[in-house]
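**Student:** when you get a sec, could you give me coordinates for this:
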Amino acid sequence: MDSINFDPLIVWILSGILLIILEMLTGTFVLLFIGLGCLAAGCLALFPGFEFRYGLQALVCAVIAIIGVLAYENLFRLDYLSRSI
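**Tutor:** The predicted structure follows:
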């Protein structure tokens, strides 16, 4: 039986698109930033030499997601809360 080989680029891009679509159903913006992180990791997988560096791709995904969530929390949520009090 042949094993199935997945291209990391396809996995990252499909994961990012799926998470962004799921974000449209939730409205919390957390899945949006994780999806953008997946897309960034997919872009990294495009470059020669990085297509099989899964740890680096996962690190890029995590860093983009964490920065996005923290920036959203600090810039938009706190501004909204200060206006409503």
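**Student:** please enumerate the helices of this structure.
**Tutor:** 8-26, 30-46, 54-72, 78-84 (DSSP state H).
**Student:** return the most buried member of those helices.
**Tutor:** helix 30-46 (a mean of 21; mean count of other CB atoms under 10 Å). Just so you know, the C-beta spots here come from the backbone N, C-alpha and C atoms, and that holds for glycine as well.
**Student:** how about residues contacting stretch 56-69?
**Tutor:** The contact list for stretch 56-69 (CB atoms under 8 Å, 6 or more residues apart in numbering) reads 8, 12, 29-30, 32-34, 36-38, 40-41, 44-45, 50.
**Student:** try 7 Å this time
**Tutor:** 8, 12, 30, 33-34, 36-38, 40-41, 44-45, 50 (CB atoms under 7 Å, 6 or more residues apart in numbering).
**Student:** averaged pLDDT, it. What do you get?
**Tutor:** For stretch 56-69, mean pLDDT rounds to 96.
**Student:** next one: it to chain centre, how far?
**Tutor:** 7 Å (CA atoms, centre = their mean, to the nearest Å).
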